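S.K.: quick one: sequence and predicted model below, then my questions.
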Amino acid sequence: MTSLQNKVTELFENGTINLLIGFKEAIHKLPVPCFIDNVSQVEQLIFTPSCKGNLSVYLLKTEVKQAKKVGILANVATLRAIVQLVSENQLGDIEKTVITLDAKGELVVFATMDELEAYVQANFPDLSEEDKKLLDQLNAMSRTERWQYWTEQFTACVKCYACRAVCPMCYCSSCTVEGNQPQWIKVSSETTGNLEWHTMRAMHLGGRCINCGECGRICPVGIPVHMLTVKMNQDIEAEFGAKTGFSVKNGYALNSFKPGDKEQFIK
Amino acid sequence: MSEQFEPKIVAFVCNWCTYAGADLAGTSRTKYATNVSIIRFPCTGRIDFMLLMKAFENGADGIIVSGCHPNDCHYTSGNFHARRRWIVFRSLLDFMGFDTDRITFSWVSAAEGTKWAGLVNEVTEKIREKGPFTEFKKLDYSILEKIENDVVTE
């Protein structure tokens, strides 16, 4: 048994957790999420740097909340998501035990939220090289080139809403796209409607997205949707100095204001 | 002689300042472009970005969004919240390559009837020069064209 499996067994035996959200062996190279509710299943658990998924999305599901004492395997992006979710008062009624891998590959188990917060602040994740490159590339384009790029991308969108399903911050019980009085966004997949959907998704996540990049990774047609929120987060940080998932006392940048907010375009 | 293009402009305005300003322009008999359709909102804070997207989808060529000057909001902070939202929304649209020149943001108070008339004239002129917003309107047809072309070549 690995040290992770030993640790989880111990947590189950002393009653600290009665459900663990973790990863098991890869299918098609990607480790898959698994839910473990007793010691006999512990053997399938793995936790390697290739476990890039953000499991915090499951913390908001009713079935998981019912378990009350939940353990979760978390990479740095997931830790940041947990901090953001706590700041949005979404994890109030769960006793969570968060386990992460530090840079040396050692297991870290957080006893308190303060410890977790301090760890996130010390290991604050930066954008991946790939994302930085794409962002620079997009910023260097002319406006019409960007329009061309994004409309082509959005034309491919099939409106499967996987980007919404995978996002830990998309937790509204009823989403605007499901409402039909009025029908804000067309149900069918057409470019204008797709453009509206992605604009809306980005706007609703601006200042809340924690840049885990899951939405872009999960997209079946490969649209880099996460770039929209990455860009918005950059703007919000530059304009209003708010960093998402940095502190549990974070406010929501678009829900507050300063009389001295600066802009150049309002006549 | 070719006919001059008349742009459709939609103005999203707040009830307390810009709407009253537009009213003042009317009662003072100030002449201004008739291309604008005014939609009245309780406050700029109520002007959701989706409304702007819907206006474009329904054929608007240009949009004006206007409300009370900072510190003058009837509800004290609606326009401050709106301003933050506009800052990020405008930047997001620009990042997606959307022509942000077609959306004009402004502060017009209840006493600024002349400013309102001038603003509408200016925006109308600007959008007239830019022409119809075909870039956006042709989006859904461009995919049909693509399919048609594919069929023809096959």
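M.R.: Everything's here; your move. Remember, predicted model here, so these are calculated numbers, not experimental data. Numbers count the residues shown, from 1 in each chain, chains lettered A, B, ... in the order given.

S.K.: so A:Glu25: helix, strand or coil?
M.R.: strand (DSSP: H, G, I helix; E, B strand; the rest coil).

S.K.: pull the contacting residues for it.
M.R.: A:Glu25 makes contacts with A:Pro31, A:Val32, A:Gln44, A:Ile46, as judged by Cβ atoms under 8 Å, 6 or more residues apart in numbering or on different chains. For glycine as for every other residue, the C-beta is placed from the backbone atoms N, C-alpha and C.

S.K.: can you list those residues in TSV and add secondary structure?
M.R.: Listed next are the contacts of A:Glu25 as TSV, based on three-state DSSP:
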residue	secondary structure
A:Pro31	strand
A:Val32	strand
A:Gln44	helix
A:Ile46	strand
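
S.K.: among the residues you listed, name the buried ones.
M.R.: For these, a burial check counting by 16 or more other Cβ atoms under 10 Å in any protein chain shown picks out A:Pro31, A:Ile46.

S.K.: list the contacts of A:Lys65.
M.R.: A:Lys65 neighbours (Cβ under 8 Å, 6+ apart): A:Leu59, A:Asp93, A:Ile94.

S.K.: next, count neighbours for the last one.
M.R.: Residues within reach of A:Ile94, counting by other Cβ atoms under 10 Å in any protein chain shown, total 18.

S.K.: and the spatially most central residue of chain B, which of the three is it?
M.R.: Nearest residue to the geometric centre of chain B (Cα atoms, centre = their mean): B:Ile63, 1.0 Å. Here B:Ile63 is recorded as strand under three-state DSSP.

S.K.: list the contacts of the nearest residue to it once chain neighbours are set aside.
M.R.: Distance criterion Cβ to Cβ, 6 or more residues apart in numbering or on different chains; nearest residue to B:Ile63, sequence neighbours excluded, is B:Ile103 at 4.7 Å. By Cβ under 8 Å, 6+ apart, the contact list for B:Ile103 reads B:Leu52, B:Gly62, B:Ile63, B:Ile64, B:Val65, B:Arg90, B:Leu93.

S.K.: quick revisit: closest to B:Ile47 among the contacts of A:Glu25?
M.R.: Checking the contacts of A:Glu25 against B:Ile47 by Cβ to Cβ gives A:Val32 as the nearest, at 43.7 Å.

S.K.: ok, that closest one touching A:Phe23?
M.R.: Yes: at 6.8 Å, A:Val32 counts as touching A:Phe23 under the criterion of Cβ atoms under 8 Å.

S.K.: on that earlier part again, can you list the contacts of B:Ile103 in a markdown table and add pLDDT?
M.R.: Converted to a markdown table, those look like this (pLDDT from 0 to 100):
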| residue | pLDDT |
| --- | --- |
| B:Leu52 | 94 |
| B:Gly62 | 95 |
| B:Ile63 | 96 |
| B:Ile64 | 96 |
| B:Val65 | 96 |
| B:Arg90 | 94 |
| B:Leu93 | 95 |
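
S.K.: which of these sit farthest apart?
M.R.: Using Cβ to Cβ, the pair of the contacts of B:Ile103 lying farthest apart is B:Ile64 and B:Leu93, separated by 15.6 Å.

S.K.: show me which of these two is the more surrounded one.
M.R.: Between B:Ile64 and B:Leu93, counted using other Cβ under 10 Å, B:Ile64 has the larger neighbour count: 24 against 18.

S.K.: can you list contacts of stretch B:40-56?
M.R.: Counting by Cβ under 8 Å, 6+ apart, A:176, A:184, A:195-196, A:199-200, A:203, B:10, B:12-16, B:19, B:63, B:65-68, B:73-75, B:77-79, B:81-82, B:85, B:89, B:102-103, B:133, B:136 sit against stretch B:40-56.

S.K.: make a ChimeraX selection of the buried ones in those.
M.R.: Selecting only the buried entries of the contacts of stretch B:40-56 in ChimeraX, with 16+ other Cβ under 10 Å as the criterion:
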select /A:184,195,196,199,200,203 /B:10,12,13,14,15,16,19,63,65,66,67,68,73,78,79,81,82,85,89,102,103,133,136
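
S.K.: please consider this matter closed, and thank you.
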